[in-house]
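*Asks:* dropping a prediction and its sequence here:
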Protein chains: 2
Amino acid sequence: MSKRIVIVGGVAGGMSAAARARRLDETSEIIVLERSGYVSFANCGLPYYLGREIENYDDLILQTPQSLGARFNLDVRVGHEVRSIDREKREVTVVNLSEKSEFRLSYDELILSVGAKPIVPPVPGLDRPGVFTLRNMEDTAAIDGWIEEKSPRQVVVVGGGYIGVEVAEQLHHRGLEVCIIDAAPQILPPLDEEMAALAQEKIREKRMSLLLQSPLKEIGDGDGLVGVVRAGEHEITADIVILGLGVRPDSDLAKNAGLATGPRGGIQVGPNLQTEDPHIWAVGDAIEVMNPISGDKVQIALGGPANRQGRMAANNIYGADEIYSGTIGTAILRLFDLQIGSTGLKEAQLKSSRADYEKVYLHPKDHAGYYPGATPIALKLLFNPKTEKIYGAQAVGRAGVDKRIDVIATAMKAGMKVTDLAELELSYSPPFGSAKDPVNLAGMMAQNVVEGYLRQFHWHQMPEFDPTKQFLLDVRSAGEVSKGRIPGSTNIPLDALRGRLDELPKDKEIVVYCHSGQRSYFASRILSLNDFSVKNLSGAWVTYQGAGMETEE
Amino acid sequence: MSKRIVIVGGVAGGMSAAARARRLDETSEIIVLERSGYVSFANCGLPYYLGREIENYDDLILQTPQSLGARFNLDVRVGHEVRSIDREKREVTVVNLSEKSEFRLSYDELILSVGAKPIVPPVPGLDRPGVFTLRNMEDTAAIDGWIEEKSPRQVVVVGGGYIGVEVAEQLHHRGLEVCIIDAAPQILPPLDEEMAALAQEKIREKRMSLLLQSPLKEIGDGDGLVGVVRAGEHEITADIVILGLGVRPDSDLAKNAGLATGPRGGIQVGPNLQTEDPHIWAVGDAIEVMNPISGDKVQIALGGPANRQGRMAANNIYGADEIYSGTIGTAILRLFDLQIGSTGLKEAQLKSSRADYEKVYLHPKDHAGYYPGATPIALKLLFNPKTEKIYGAQAVGRAGVDKRIDVIATAMKAGMKVTDLAELELSYSPPFGSAKDPVNLAGMMAQNVVEGYLRQFHWHQMPEFDPTKQFLLDVRSAGEVSKGRIPGSTNIPLDALRGRLDELPKDKEIVVYCHSGQRSYFASRILSLNDFSVKNLSGAWVTYQGAGMETEE
């Protein structure tokens, strides 16, 4: 049973594999080779050290080679880079970076947890001092050093992905002026545009500059400590630049060893996390995984799956036959007082895959409205109206977002139907939830759609609204209407509707909206049962206005 | 299609049914008869008004007969008590309580949402002024009036169920001295004793008096505004007494109409919520429901299920064929800075049903330990080690308890296996969770138990610990040991264990513990793989000490 296991990469997946392997076998030799100077560091915590929410650099270090040696009897070597794999001889060639020496190391089983590396585009000027990526402890120290020594005023964050936005928030917190640029028309790629718009609004509310559809062209000479960033039509003086353009699998080592990789560069593994070489396993951000919702092979760089894959690879090396069930991609971000979460597929993905999908938007409170402090959650739920399969969810709010995303992610993993969400028994007490939890409500709305009780007109269809065939009805109170409304709408407050049905056309389709969607749903039922043709504006005023559509006072 | 629906009871289940029925049919006559003076009030919010966390009495009123009439065209009559049902004629006899008049009302469909009433035991003195139950708006006003007028100093809360404990917390918040008495050896019946002990500790920390195993005998003459409460061996001066002894179905109306009720008085319904009379439906706290985890018929009084049942009954009246899937009983309580949640069955129930069950205890942080503010959650998970069915969970902590209970409740509802919890993809970012979420960790521990990697010795088995056959090993650091330890234990810190194996007996079973259970699990693996017989003390020092077991300095 005793064997030598060599693990390349000592962070999430690699270290989980190493520790689990030791718990399964006391006699094996377990060697972890890590290129950087640190293993088991808090990679998701790096931005929070830059903003000093995490006060000490050392707090980011969860384990050291010494502590891992003492506790798990692991041979952990930092500053060791694996340059090549000789699959036939089962050996790796390793460079000791500090001693600049090279040696060969044999293995019985090799685990590749080589991670991903920041994408650096072929743009002039990215080699200037003061331009950084953020992936490891050394990057963090370098950024922090620049801030401490140079006292930069203006930071340009290139790319509005999760890491970019976290860094932007934290450097704002540290007192820098922040500009985020992104080539896309929105930030936060896991979200659909109208949900990302809520984050964008928060960023602008905090007086950070946000330049969308502004691809990075170059960094050139200019007034800033770094120079000037040219992006789209913009020129931004930059005292420090952080590249947050996402990551790609660091899979050259595997590729050069002849192991198959996917179209996005991820190492291909079987369902047991074994590569095509039976003695080589791969885990974490470097591998291609199945998304069980779409059935597609995808690249998803997340700490949770990496940790679980590491544990599973160790189990399988020791004779288990565990199957990795895939990654649906649950993620969350805190942005000032907002919580922004998502799981599964977004609408843009469903649209491009031509899936048969429907969606509901709702804005329930995070806990009972009669108990102080309740705040709304903007919740979007995507599902198949025929099979009732849940495709994904996105939520933005100030409290309780993580809980609802986790509950929906669990339901998705279990293969529950969207209408099953209506029947979930979730904890209710005034400080925590409502008798009908937001997830229950989402399930009930989906049930109404599935069963035909709720026909929807979506905010993004509004440009196609045809007043010769359609009639826009606002059922809010007069007071609400006076603060802003959708151009062309007619107001009849819900509670007066039954008495004013004769004001409505029977030969047009009525599109009805209210503030958050509940009253307009009630109205749509009244109208439908009175033989009007009616659709509900999904997400109502809140979604329409939040998506930046045209309004008037 | 047009019909008359009469609904008895206008709170959670009844009002959900009424509103849903209207959304399905504009033409039916829908009459809601409510005995009290209020419909659609926030019954779960009543304690929080007494503590003034909810500032205004009116905030508890979610809808009025007028608002329901305007919005849903409902005929809502408060102060109307239904005295009898004539099933043959399909008529109810109703008393208008204010006018003291009686009339008969015919129905096509009758929905009983008659709720439950507080249990008032046959004990002398409960009719004294100043003795209250808390179930509706009138009770709340009466308690509040007594406090405002009489300025009571000492409140005695009889019964430590959820309502009793919420009232106790809120009256403490309002400045009263609080004494809770309970006949049982613990409070909070949905929890097992060692989990309830954490709540009891918090109550005592707040200098509230807690008298367990002290059944109420009588309330007699004495110094207090109410008199003196005699409970067990105790006599407590009481200026106000709140009875929180639980509720029982208010099912006399149904019983007198010849409808079947269960052993605990709950109205019996089919899976579609229809009683044995095809024109009578019943929902909410008054009905007996199936617990799908145990397969037993149970009484569970919770707002969430009541609301969903009301909606379902309306759907079924209008031709749907929906099946109520049962109630697993998810509940949560906030007690000062503690969050206390549970779902499914507790160990005491499993023990009495002789189910084949196992359990794990763990104490993970609510979010990443390296990010500020992380606090531990005491989590207990019960499952069948053979079928891997999840039986239930209990959790106590200062943050993130509701989320973990809701995720586990969802997994239970979906019929996931306990080991599936290890693979859930839950949202991770330092402020919200960890790469291995507490629910993942619970699933991994269960997997270790199922697969035999983790053998457990439970804290409650410690009285049977036999030093001639067993050896108690403490693998914490010397510093931790100096603050308290289990009598008879030998200390070898985990990181020194591999070098000191010769100090341990091979002819005894080693029971190992640490602070929270992780290091002792690591130790148990080292020992097991070195051919020692070893068991892990479940929940380790934290559970052992929290359960009030013997310790020494």
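*Replies:* Sure thing, it's come through.
*Asks:* tell me which element A:P278 is part of?
*Replies:* Counting by DSSP states H and E, there is no helix or strand that carries A:P278.
*Asks:* burial check on it, number of neighbours?
*Replies:* 9 (other CB atoms under 10 Å in any protein chain shown). (Each C-beta comes from the backbone N, C-alpha and C, glycine too.)
*Asks:* and the residue most central in space within chain A, backbone torsions?
*Replies:* Nearest to the geometric centre of chain A sits A:A331, at 4.1 Å (CA atoms, centre = their mean). A:A331 adopts backbone torsions of phi -140, psi 150, taken as degrees, to the nearest 10.
*Asks:* repeat that for A:A378.
*Replies:* Dihedral angles for A:A378 - degrees, to the nearest 10 - are phi -80, psi 110.
*Asks:* okay, now the closest residue to it other than its chain neighbours: neighbour count?
*Replies:* Leaving aside its sequence neighbours, A:A378 sits nearest to A:V396 (CB to CB, 6 or more residues apart in numbering or on different chains; 4.7 Å). By other CB under 10 Å, 28 other residues sit near A:V396.
*Asks:* contacts only, for the residue nearest to the centre of chain A.
*Replies:* Contacts for A:A331 (CB atoms under 8 Å, 6 or more residues apart in numbering or on different chains) come out as A:162, A:190, A:302, A:341-343, B:427-429.
*Asks:* would you format those residues as CSV with secondary structure and neighbour count included?
*Replies:* Formatted as CSV, the contacts of A:A331 follow (DSSP: H, G, I helix; E, B strand; the rest coil; neighbours: other CB atoms under 10 Å in any protein chain shown):
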residue, secondary structure, neighbour count
A:Y162, helix, 24
A:P190, coil, 24
A:L302, coil, 21
A:G341, strand, 30
A:S342, strand, 28
A:T343, strand, 31
B:S427, coil, 27
B:Y428, coil, 25
B:S429, coil, 25
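*Asks:* that's a strand at the residue nearest to A:A378, yeah?
*Replies:* Yes. Counting by DSSP: H, G, I helix; E, B strand; the rest coil, A:V396 is found in a strand.
*Asks:* give me the residue from the stretch 251-400 of chain A nearest chain B.
*Replies:* A:I332 (3.7 Å; CB to the nearest CB).
*Asks:* assign that residue to helix, strand or coil.
*Replies:* Once three-state DSSP is applied, A:I332 turns out strand.
*Asks:* return the per-residue confidence for it.
*Replies:* Predicted confidence (pLDDT) at A:I332: the value is 97.
*Asks:* what's around it, how many residues?
*Replies:* That count, for A:I332 with other CB under 10 Å as the rule, works out to 23.
*Asks:* again with A:P463
*Replies:* The burial count for A:P463: 8, using other CB under 10 Å.
*Asks:* can you tell me the SS state at it?
*Replies:* A:P463 ends up helix, using three-state DSSP.
*Asks:* ok, now how distant is A:A411 from chain B?
*Replies:* 6 Å (CB to the nearest CB, to the nearest Å).
*Asks:* how about that residue, nearest residue that isn't a chain neighbour?
*Replies:* B:T410 (5.6 Å).
*Asks:* before we move on, back to that, please name the nearest non-neighbouring residue to the residue of the stretch 251-400 of chain A closest to chain B.
*Replies:* A:I332 sits nearest to B:S427 (CB to CB, 6+ apart), 3.7 Å away.
*Asks:* what's the answer for A:R23, then?
*Replies:* Nearest to A:R23 is B:R525, by CB to CB, 6+ apart, at 4.2 Å.
*Asks:* and A:E148, how many neighbours?
*Replies:* The burial count for A:E148: 8, using other CB under 10 Å.
*Asks:* let me fix that, I meant to ask about A:S352.
*Replies:* 8.
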